[in-house]
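Undergrad: quick check, what structure comes out for this input:
(one chain, ligands or ions: 2)
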Amino acid sequence: MINAFSDKLNALVDGIASDGLAIVDDFLLPEETDSILALDEFNSSLLQFKKAGIGQNSHKQINESIRGDYIQWIDRETAPAPLLNYLSKLKELITFVNQSLFLSLKDYEVHLTNYPTGSYYKRHLDQFKKDDHRKLSVICYLNKDWKDADGGQLRIYHQDREQDVLPLAGRLVCFRSDLLEHEVLPATRPRMSLTGWILDQYVGLKHL
Ligand code: OGA
Ligand code: MN
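TA: Ligands and ions are numbered 1, 2, ... in the order given. Predicted structure coming up:
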């Protein structure tokens with residue numbers, strides 16, 4: 001029998017191995033993205049989300065001119081079912097990537113993300129200068145009926161070209177955190193996603 005999810009994971013591994021990047025549509029199904037968007041965190045105003053900073057721990061800075069998104073880290077001990085469903089798919093992804101590419105990725109960290117209308121994230125690399133434990137960036141978008149004209153593309157800078165990715169509901173983008181610079185272009189409507197990293201060490205609850 002054809003297992004659609006394992007086909008998606010196969011495509012993902014092929015993309016990472018060849019380009020450092022994979023785009024997998026329908027990683028989450030419409031009913032799954034709906035149930036995530038219906039969570040209080042996405043509906044009870046931006047106040048629940050913290051303004052995202054730049055850098056780690058005591059070096060963290062808030063700099064509106066570099067990034068304008070609001071984030072809230074997911075606590076896997078208390079996360080509601082729709083988020084646990086996503087995290088369990090991520091765990092399957094990690095197991096599959098480890099087996100296929102002979103890696104030993106160990107853990108993940110994920111936050112809810114809201115880019116208010118007009119906000120952006122300037123060109124950057126996801127690995128911290130002093131902490132290279134982020135190996136793969138994984139972003140799953142939640143935005144229904146997103147059109148080119150809405151903006152908000154993820155722009156990926158390959159060595160020889162740029163690639164723009166629309167933040168379509170259910171779409172997962174996964175790329176090498178050490179390799180690919182990228183930016184988020186401003187959008188004409190709020191832009192929601194689950195943003196995470198796959199790590200080569202255990203993090204536990206360091207964000208909480
Ligand atoms: C990030 C980031 C890209 C996106 O949060 O580091 O680059 O498409 N996000 O949301
Ligand atoms: Mn990034």
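Undergrad: next, the residue of the chain found nearest ligand 1: phi, psi?
TA: Taking Cβ to the nearest ligand atom as the measure, the chain has Leu154 as its residue closest to ligand 1, at 3.6 Å. All C-beta atoms are positioned from the backbone trio N, CA, C, and that covers glycine. Phi and psi for Leu154, reported as degrees, to the nearest 10, are phi -90, psi 120.
Undergrad: for it, grab the count of nearby residues.
TA: Look at Leu154: counted by other Cβ atoms under 10 Å, it has 22 neighbours.
Undergrad: hmm, it is touching Val165, no?
TA: Yes: assessed by Cβ atoms under 8 Å, Leu154 is found in contact with Val165 at 4.4 Å.
Undergrad: which residues does the residue of the chain closest to ligand 1 bridge with?
TA: Counting by DSSP bridges, Leu154 is bridged to Val165, Val184.
Undergrad: any idea how many residues pack against Gly15?
TA: Counted with other Cβ under 10 Å, residues neighbouring Gly15 total 17.
Undergrad: on that earlier part again, now do the contacts for the residue of the chain closest to ligand 1.
TA: By Cβ atoms under 8 Å, 6 or more residues apart in numbering, the contact list for Leu154 reads Ile139, Asp164, Val165, Pro167, Val173, His182, Glu183, Val184, Leu185.
Undergrad: sorry, back to before: name the residues contacting each of Leu154 and Val165.
TA: Residues touching both Leu154 and Val165 (Cβ under 8 Å, 6+ apart): Val173.
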